[in-house]
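> Build me a model from this:
(chains A and B)
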Amino acid sequence: MLEWLEYTSLSIWVAESIWGYPIMLSLHIIGLAVVVGIFTVYNFRLLGLFNSLEFEPFLDFFRLAWFGLLVNFVSGFTLFSSQATFYVTNIPFLVKIFSIIAGSLLAFKIQLRLQSSVNAWDERTAQPNKKDHSFAVISLALWTSAIFGGRLIAYL
Amino acid sequence: MTEILIRTIEGSTLNSWILTTTWLWPFLEIIHFIGLSLLLGSMLVIDIRLAGYIRNMSIMRTHDLLPMAAIGFFINMVTGLLFLMGDPARYLINIGFQIKMALILMAGLNALLFALRIKPIMTQWDPCGDTNTEAKLIAYISLILWFSVLLLGRLIPYVGTG
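Numbering: from 1, shown residues only, chains lettered A, B, ... in the order given. The predicted model follows:
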């Protein structure tokens, strides 16, 4: 199946045209900046940094981050399909994919907690608790590990 | 001129240290990626609000994120300088790198424009209201410049060398 994937017209375009690969890489780096950037700002906020920022607007920024994730899922899939058989046995790639899946599920969980607590947090009748803090730390660690894995694909 | 500079850097101890230290280069790249996430993430929030969107976030408060942007920029300036010191022949003659540096300079000037023209009057605005045209222009220019910097950096290996 992976070999079939490598021979679809999209993957051949990405692998062999002059601009296919760089275009997908460009989309992928934009998505990375949006996803990791926004989740990082929010995780810092959960941990008590930038204390003056309200929580409610982050619901909108989360939407932007999910859009960035979609961009990276699509661009990442085309990059993957151009060399599918190489990637599936590449350890950094597997670390990256695991980190992204775990990071996305956790981000969803973090968003649910934001949705249920947003009013109390913004009225300052409650503050993010220990659990929110641990989620923020794990989330930061997962996105960092995704970057580590992604970059090391080129080296290992 | 460029050649003399390249040869001087290539003869330096810093250059050979960067090139001979195992795993240093990929490690610096990873740090560079983390730095760009800090910089772009905070600028995204600041500029989107400055452009007049997501108005339920008070405009003054988004600017508390500036230290995060500054730290991200500093991390990437240091790691970027080390790339330059490690492989000057690759970067100095690369058109993508040259344009990237010019755009960073323009982003700096744009930030200066913000500090001079918008920051002093921002306090008088409704914290959850619209911004003025000049502020919006500065915000869009900032977003375009930083994302172009991001793209050019990624495309350095793929664009022509002068």
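
> which residues in the chain form helices?
No chain in the question, so chain A it is. Under the criterion DSSP state H, chain A contains helices at A:2-6, A:9-16, A:20-46, A:58-82, A:84-87, A:91-122, A:130-152.

> my bad, the chain I had in mind was chain B
Assigned by DSSP H, chain B shows helices spanning B:2-10, B:13-20, B:24-50, B:59-62, B:66-86, B:88-91, B:95-113, B:119-122, B:133-155.

> Remind me what the third one packs against, helices and strands.
Counting contacts by 3 or more CB pairs under 8 Å, 6 or more residues apart in numbering or on different chains; DSSP states H and E, helix B:24-50 packs against helix A:20-46, helix A:58-82, helix A:130-152, helix B:59-62, helix B:66-86, helix B:133-155. No exception for glycine: its C-beta is placed from N, CA and C like everyone else's.

> buried ones in the fifth one?
Within helix B:66-86, the residues scored as buried using 16 or more other CB atoms under 10 Å in any protein chain shown are B:68-69, B:72-73, B:75-76, B:79-80, B:82-86.

> Next: the longest one.
For helix A:20-46, burial by neighbour count (16+ other CB under 10 Å) applies to A:20-46.

> where in chain B is pLDDT low?
B:161-162 (pLDDT under 70).

> Chain A contacts on that one?
Near chain A, the residues belonging to chain B are B:26, B:29-30, B:33-34, B:36-38, B:40-42, B:44-45, B:48-49, B:54, B:56-58, B:61-62, B:64-65, B:68, B:147, B:150-151, B:153-155, B:158 when assessed by CB under 8 Å from any CB of the partner chain.

> Need the buried ones from these selected in PyMOL.
Under the burial definition 16+ other CB under 10 Å, those of these that qualify are selected in PyMOL by:
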select buried, chain B and resi 26+29+30+33+34+36+37+38+40+41+42+44+45+48+49+54+57+58+61+62+64+65+68+147+150+151+153+154+155
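
> Could you check which residue of chain B lies nearest chain A?
Among the residues of chain B, residue B:41 lies nearest to chain A; the distance is 2.3 Å by CB to the nearest CB.

> I figured that residue hits residue A:44, correct?
No. Assessed by CB atoms under 8 Å, residue B:41 is found out of contact with residue A:44, at 9.3 Å.

> intersection of neighbour lists for these two?
Taking CB atoms under 8 Å, 6 or more residues apart in numbering or on different chains as the contact rule, the neighbours common to residue B:41 and residue A:44 are residue B:68.

> residues in contact with the residue of chain A found nearest chain B?
Checking chain A residue by residue against chain B with CB to the nearest CB singles out residue A:37 as nearest, at 2.3 Å. Contact criterion CB under 8 Å, 6+ apart gives B:37-38, B:40-42, B:44 as the residues in contact with residue A:37.

> give the contact list for the closest residue in space to it that isn't next to it in sequence.
The spatially closest residue to residue A:37, leaving aside those adjacent along the chain, is residue B:41, at 2.3 Å (CB to CB, 6 or more residues apart in numbering or on different chains). When the contact criterion is CB under 8 Å, 6+ apart, the partners of residue B:41 are A:33-34, A:36-41, B:68, B:72.

> from those residues, which two are the most distant?
Distance extremes for the contacts of residue B:41: the farthest pair is A:34 and B:68 at 15.3 Å, using CB to CB.

> Around chain B, which positions in chain A sit nearby?
Counting by CB under 8 Å from any CB, the residues of chain A that sit close to chain B are A:21-22, A:25-26, A:29-30, A:32-34, A:36-41, A:44, A:50, A:52-54, A:56-57, A:60-61, A:64, A:143-144, A:147-148, A:150-152, A:154-155.
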